[in-house]
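Visitor: just coords:
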């Protein structure tokens, strides 16, 4: 959600609401406290991570820690978590690849690092749809640490990875916060299809 200063709506079909605090210039703590204990993910991306407004690392660490203390989940880059350990409970450790290609060595290395740090979800996003086979392999190889995989800019790739078991499916409510995000209506339809396939396989 791009406008987290406003009251967050309850949206049918959504398990969690992501609040992108990097879209704000101030008022971050107010938003976090207002959503305390609710099913929400607090995300503060730097411009180099695909975010909007920069937030000093020390301030970002304090805000994310506050969110965890108040029962919210957080999404932070693995590189940031390496320098500013948080959690581990309630943390989504992310890797965004904006330039070049995702390699299996990087993805599997990240997965092992995330596991060693005690996090339960590793999220990997790439700007290149040719990385789908590596992401699919990662989803098939995952163990205790769940994997959320997505391609920025491709709705078809996001849908395919969701059907392969991606732990998180990001949908847009209004204006998307990333290229290729499915709308909430598209997500509902996709989830219905996944459930139907699961029921058919059990029959």
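Guide: Structure received. Please read these numbers as outputs of a predicted model, since none were measured by experiment.
Visitor: Residue 185 - how many residues pack around it?
Guide: The burial count assigned to residue 185 is 10, neighbours taken as other Cβ atoms under 10 Å. Using the backbone N, CA and C atoms, a C-beta is placed for each residue, glycine as well.
Visitor: Surely it is within a strand?
Guide: No. Assigned with DSSP: H, G, I helix; E, B strand; the rest coil, residue 185 falls outside any strand and is helix.
Visitor: show me what contacts it?
Guide: The neighbours of residue 185, taking Cβ atoms under 8 Å, 6 or more residues apart in numbering as the test, come to nothing; the list is empty.
Visitor: Residue 162 now?
Guide: 169, 190, 194.
Visitor: Now intersect those residues with the helices, please.
Guide: Among the contacts of residue 162, the ones falling in helices (DSSP state H) are 190, 194.
Visitor: any idea which of the contacts of residue 162 has the most stuff around it?
Guide: Top of these by neighbour count (other Cβ under 10 Å): residue 169, with 21 neighbours.
Visitor: Identify the residue nearest it in space, chain neighbours excluded?
Guide: Nearest residue to residue 169 in three dimensions, chain neighbours excluded: residue 162, at 4.6 Å (Cβ to Cβ, 6 or more residues apart in numbering).
Visitor: how far away is that neighbour from residue 74?
Guide: Note on residue 162: its distance to residue 74, by Cβ to Cβ, to the nearest Å, is 22 Å.
Visitor: Strands along this structure, start to end?
Guide: With DSSP state E as the criterion, the chain has strands at 17-20, 40-43, 73-77, 91-97, 121-126, 146-151, 171-172, 182-183.
Visitor: Return the list of strands paired to the second one, each annotated with direction.
Guide: Each strand pairing with strand 40-43, determined using DSSP bridges, is listed with its direction: strand 17-20 (parallel), strand 73-77 (parallel).
Visitor: which residues in the chain form helices?
Guide: Residue ranges of the helices in the chain, as given by DSSP H, are 28-34, 57-69, 78-83, 104-116, 132-141, 155-163, 184-202.
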